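Colleague: Requesting a structural model of the entry that follows:
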Amino acid sequence: MADQNPLISDRDVQFQLHEVADVLALCRLPAFAEHGAETFELFLRSARGLARNLLFPAYRPMDLEPPRFEHGRIHVHPSMRAIWAQMAELGVLSATRPHAVGGQQLPHTVAIVAEAYLMAANLGAYGYAGLTAGAAHLIEAFGDDWLRDTFMRRMYSGEWTGTMALTEPQAGSSLGDITTRATAAGDGTYRVHGHKIFISGGDHDIADNVVHLALARLDDAPPGVKGISLLAVPRRRFTADGELVDNDVHTAGLIHKVGWKGLPSLVINFGEQGDCHGWLVGQPHQGLAYMFQMMNAARIMVGVNGMATASVAYHEAIRYAQGRHQGRLPGARDPRAPQVAIVEHPDVRRMLLRQKAIVEGGLALLIHTARYADLAEHHDDPDERRRAQRLLDLLTPVAKSFPAERGFEANALALQIHGGYGYSSEYLPEAWLRDQKLNSIHEGTTGIHGLDLLGRRVFADGAFLALADEWRRALADARDAGLSTTWLDDFDRAAHNIADLTLELARRGQAGEPEFMLRHSADFLELFSTIVVAWQWLRQASVAARALPTAAAADRGFYEGKLCAAQYWFSTELPRIDHWVRLCRDGEDSYTRMQPGWF
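Modeller: Numbering: from 1, shown residues only. Presented below is the predicted three-dimensional model:
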């Protein structure tokens, strides 16, 4: 194993979970009382082994041989059958769910790291599991007993898979414009008719059935988002005699994507023969509110994909830079001297350090976000649950967008380090770069998340104040740990500037200037993401600074590396916030003044 790509650093995972996040403290909550270091490590070790020994070797074959659309059905790479069976056996599909529904009742904080290993190994293969788990959770949360027994249990066990079926050709991200209809049949079911597009994993040959959690309009639905309902629409349904038959759900086309080749993206038609049966999940016209549960979880899952895809490329770049010998160091005068490994060249180390700062800062952000999810669901104090939920909601756009956008930069640097080999398909960095680009688009583009953050989440009741309190605690701990006063002063100043800007933009919006308030929402997302990740590096650096004086020789380099990455973020990234603040505050208007005809 030593000569293989580790996908994600096991040492960093231990550091992040135990030294920074104190994951074992979650075991004091009743929901996790039966767990401990042994059960957490067993699950993580099993996921690592599955990722490295089965998923990663299948990544290149699945990228080279994407799903085929033949005779109306999708056929995926044959290796997916064994992968799917072993992911289901590991319990990935229901890891965080209660024992009552067949889950392992693990914290999200642990499960998200296990999932990251699987995503780093083969994000297309993991995609089937993430979608199925999210769809089954919708039925668990909002469905009746019949839906849980018929669909949810088969999905959590891996017998069936699931999807989210939202997008339509004419609607895109504008879900209020969907037109799929659901007409009551008089027997408790509905007849569904419509078209969905970009449905990941909507058809395949690795399991007996696919259950679509679809948004549709009932016949009496009001217009807009208030008229959307949620239905379970299986590709095959049971008859009264218990026979599994086709449910008039048809694959109309396969979308050929730039990346994520192992997971098919499809056009799905419901009800071409008028006999597509659907079952209402929850109450009529509440579908979008229900679906946000899966959408928010999927956004964090995409963030994990972004971090994982950057991580596997980063570790491949380290391996390559250590083994590729070229050139000599500045000042070397003897042309006969041996060439040095390119990792010795300062510019290569610059590129590697930027990748490290992005990858490990992103992992810290995702673990911290997952911890808020655990507290929001399981803390015994209602006030703490509400506080954690506000922080989770506020950080979700960042947890999705930062790893995708900055992860793309990290992937580009991994390719750059490989030089001419990087842009050849014989080496893996070009494939990971293709994969990464999708992460900034699906589950809401970065532009949408900028609007969501600035237009809604940052002004939610008490959310920003709660986050500012977290920042103050981190600063106090960092001072106690003896971190650079320059870092702390710069962070404090940036935090105050962002707080002042946020209040100013809120006033502009309340004064009837919503366009001005949102004009630079993409820049606001950038500056907000940058300080959030600076906060994560502050936390990591505090732990590293305390550990370094008494660290074993084998660990000193690890902690020194943490401090170098923190220094990089505070020296090169945090200062960029001033520029973004100025753009937002001044309302620079070049692209809003630009008219469509002027292009």
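
Colleague: out of everything not next to it in sequence, what's closest to residue 533?
Modeller: Leaving aside its chain neighbours, residue 533 sits nearest to residue 361 (4.3 Å; criterion: CB to CB, 6 or more residues apart in numbering). Placement of C-beta: from N, CA and C, glycine included.

Colleague: That neighbour is in contact with residue 536, isn't it?
Modeller: Yes: at 5.3 Å, residue 361 and residue 536 qualify as touching, with contact defined as CB atoms under 8 Å.

Colleague: ok, the residue nearest to residue 584 when sequence neighbours are not counted - how many residues close by?
Modeller: Nearest residue to residue 584, sequence neighbours excluded (CB to CB, 6+ apart): residue 520, at 4.3 Å. Counted with other CB atoms under 10 Å, residues neighbouring residue 520 total 27.

Colleague: now swap in residue 321 and tell me
Modeller: Neighbours around residue 321, by other CB under 10 Å: 20.

Colleague: what's the distance between it and residue 414?
Modeller: 10 Å (CB to CB, to the nearest Å).

Colleague: ok, now residue 316?
Modeller: 6 Å.

Colleague: anything in contact with each of those two?
Modeller: Taking CB atoms under 8 Å, 6 or more residues apart in numbering as the criterion, residue 316 and residue 414 both touch 429, 432.

Colleague: more neighbours, the two?
Modeller: Taking other CB under 10 Å, residue 316 and residue 414 do not tie; residue 414 has more neighbours (32 against 21).

Colleague: any idea how far residue 342 is from that one?
Modeller: 13 Å.

Colleague: And residue 258, by the same measure?
Modeller: 28 Å.

Colleague: What of residue 499?
Modeller: Distance from residue 499 to residue 342, by CB to CB: 43 Å.

Colleague: Neighbour count for these two, which is higher?
Modeller: Between residue 499 and residue 342, counting by other CB under 10 Å, residue 342 is the more crowded of the two (20 against 15).

Colleague: residue contacts, that one?
Modeller: Residues near residue 342 by CB under 8 Å, 6+ apart: 321, 324, 325, 326, 327, 348, 417.

Colleague: so who does the first one touch?
Modeller: This means residue 321. Counting by CB under 8 Å, 6+ apart, residue 321 has contacts 341, 342, 343, 348, 352, 417.

Colleague: Which element, helix or strand, includes it?
Modeller: Using DSSP states H and E, residue 321 sits within helix 287-323.

Colleague: and the angle for the helix or strand that comes right after that helix with helix 287-323?
Modeller: Under the assignment DSSP H and E, the closest C-terminal helix or strand after helix 287-323 is helix 346-378. Following axes from the mean of the first three to the mean of the last three CA atoms, to 10 degrees, one obtains 150 degrees for the angle between helix 346-378 and helix 287-323.

Colleague: Residue 288: neighbour count?
Modeller: Counted with other CB under 10 Å, residue 288 comes out at 20.

Colleague: just residue 411 next, same as before
Modeller: Neighbours around residue 411, by other CB under 10 Å: 30.

Colleague: so it touches residue 436, yeah?
Modeller: Yes: counting by CB under 8 Å, residue 411 does reach residue 436; the two are 4.6 Å apart.

Colleague: you'd agree residue 433 is in a helix?
Modeller: Yes: with DSSP: H, G, I helix; E, B strand; the rest coil as the criterion, residue 433 is part of a helix.
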